[in-house]
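Trainee: What would the 3D arrangement of this be:
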Amino acid sequence: MVEIILDFIGSRKFYLPIIFIIAGIIIYGIIANSINKFSKVKLEKGGVRAEKKRATVISIIKNLIKYFIAIIVILAILNVYGVNTTSILASLGIAGVIIGLAFQDIAKDFLAGMFTVFDDAYSVGDTVKINDFMGEVIFIGLKDTKIKAYTGEIMTIANSAFTEVINYSAANAKVIVDINVSYDTNIEKLEKILESIKPDIKDIENVIGEPELLGVSELSDSSVKYSIVIDCKPMTYFGVKRETLKLLKNTLDKHKVEIPYNKLDIYVKEKGQIK
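Mentor: Next comes the predicted model:
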């Protein structure tokens with residue numbers, strides 16, 4: 001029994017599979033490290049979005065290489081044990097048709113995933129809305145996409161299960177702030193006040209460029225609506241709007257510009273008289 005074990009250990013059927021596996025791991029490691037070094041090269045154009053797309057593409061390429069090397073190693077090991085891998089590869093032509101019919105959905109998901117990446121529909125780290133589910137993309141695979149909502153839920157969606165995506169991270173956001181002032185307000189004075197705080201608005205975190213005064217946008221029943229627009233980074237809309245409204249309220253109060261609000265007049269009737 002011991003001799004049989006020693007003979008097997010000394011045979012090519014024992015050490016060659018180990019060599020093939022180690023070689024596959026080393027080859028994948030070398031290729032993966034080369035890819036990782038390339039991924040660290042800073043892009044001159046495209047900014048954060050280009051970096052996200054590159055990271056997603058690299059992740060998919062590394063997975064494809066890993067699966068390809070694994071298949072080669074398995075075929076090499078089978079060949080050591082006397083399995084006719086040539087006939088296996090030849091039979092894959094017929095089996096491929098059968099497998100293709102059985103796994104049509106998987107093929108659809110794979111192709112949809114590839115088109116998603118190369119069409120730049122979204123990347124890992126983007127905030128998107130797919131099938132009425134909104135959250136951050138945390139994983140893009142060959143078969144499915146994982147999205148994490150702000151409340152913690154993670155949804156896994158097959159890549160072929162949706163046709164429309166709303167991407168909130170693809171471009172800068174525009175914040176339109178409406179200011180309601182009294183009809184007694186001098187609009188020219190208001191515009192001078194707003195011009196004076198443009199630098200303060202520009203200094204708000206995530207604001208991009210110079211705020212634009214759009215002018216009077218509506219004459220309502222009890223107020224005049226004046227609008228300004230501010231460009232900001234993706235997904236910072238609400239924070240920028242809150243800070244801008246706070247700044248506007250303090251500034252208008254300081255210059256005694258009236259902001260109308262609903263008032264309720266109460267009349268008390270005594271002894272047939274209204275006071």
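Trainee: Go through the protein and flag its longest strand.
Mentor: strand 207-219 (DSSP state E).
Trainee: now could you export just the CA positions of that strand as PDB?
Mentor: Output of strand 207-219 as PDB, limited to C-alpha atoms (Å, rounded to 0.1, in the frame of the first residue of the first chain):
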ATOM      1  CA  VAL A 207     -20.700  74.600  -5.600                       C
ATOM      2  CA  ILE A 208     -19.200  74.900  -9.100                       C
ATOM      3  CA  GLY A 209     -18.700  78.200 -10.900                       C
ATOM      4  CA  GLU A 210     -20.600  81.400 -10.500                       C
ATOM      5  CA  PRO A 211     -24.300  81.600  -9.400                       C
ATOM      6  CA  GLU A 212     -26.600  83.100 -12.100                       C
ATOM      7  CA  LEU A 213     -29.400  85.500 -11.300                       C
ATOM      8  CA  LEU A 214     -32.300  84.500 -13.500                       C
ATOM      9  CA  GLY A 215     -34.600  87.400 -12.500                       C
ATOM     10  CA  VAL A 216     -38.300  87.600 -11.700                       C
ATOM     11  CA  SER A 217     -39.900  84.300 -12.600                       C
ATOM     12  CA  GLU A 218     -43.400  84.700 -11.300                       C
ATOM     13  CA  LEU A 219     -45.900  87.300  -9.900                       C
END
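Trainee: now the angle from the helix or strand following it to strand 207-219?
Mentor: Sequence order places strand 224-232 as the next helix or strand after strand 207-219, per DSSP states H and E. Strand 224-232 and strand 207-219 are oriented at 160 degrees to each other (axes from the mean of the first three to the mean of the last three Cα atoms, to 10 degrees).
Trainee: Mind splitting the chain into its structural domains?
Mentor: Per automatic domain parsing, the structural domains of the chain span 2-102, 121-167, 173-254.
Trainee: Using JSON lines, please lay out these together with mean neighbour count and distance to Pro260.
Mentor: The way it works is simple: take the backbone N, C-alpha and C, and place the C-beta from them, glycine included. As requested, the domains of the chain are exported to JSON lines (neighbours: other Cβ atoms under 10 Å; distance: least, Cβ to Cβ, whole Å):
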{"stretch": "domain 2-102", "mean neighbour count": "12", "distance to Pro260": "42"}
{"stretch": "domain 121-167", "mean neighbour count": "16", "distance to Pro260": "35"}
{"stretch": "domain 173-254", "mean neighbour count": "15", "distance to Pro260": "4"}
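Trainee: okay, those in TSV with distance to Tyr261 and mean pLDDT next?
Mentor: Output for the domains of the chain, formatted as TSV (distance: least, Cβ to Cβ, whole Å; pLDDT from 0 to 100):
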stretch	distance to Tyr261	mean pLDDT
domain 2-102	41	72
domain 121-167	32	84
domain 173-254	9	92
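Trainee: Identify the residues contacting the residue lying closest to Pro17 once chain neighbours are set aside.
Mentor: Nearest non-adjacent residue to Pro17, counting by Cβ to Cβ, 6 or more residues apart in numbering: Ile77, 4.5 Å away. Contact analysis of Ile77 by Cβ atoms under 8 Å, 6 or more residues apart in numbering lists 16-17, 20-21.
Trainee: Spatially nearest residue to Ile65, not counting backbone neighbours?
Mentor: Per Cβ to Cβ, 6+ apart, closest to Ile65 is Ile31, 5.7 Å.
Trainee: Tell me which stretches of the stretch 101-250 of the chain form strands.
Mentor: 127-130, 133-140, 144-148, 154-158, 166-167, 173-181, 207-219, 224-232 (DSSP state E, counting those that start in this stretch).
Trainee: Determine which of these approaches Thr251 most closely.
Mentor: Thr251 lies closest to strand 173-181 among these, at 10.2 Å (Cβ to Cβ).
Trainee: Which neighbouring elements make contact with the closest one?
Mentor: With contacts taken as 3 or more Cβ pairs under 8 Å, 6 or more residues apart in numbering; DSSP states H and E, strand 173-181 sits against strand 207-219, strand 224-232, helix 237-254.
Trainee: what's next to that strand, contact-wise?
Mentor: 190, 214, 217-218, 220, 223-237, 240-241, 244-245, 248, 252, 257-260.
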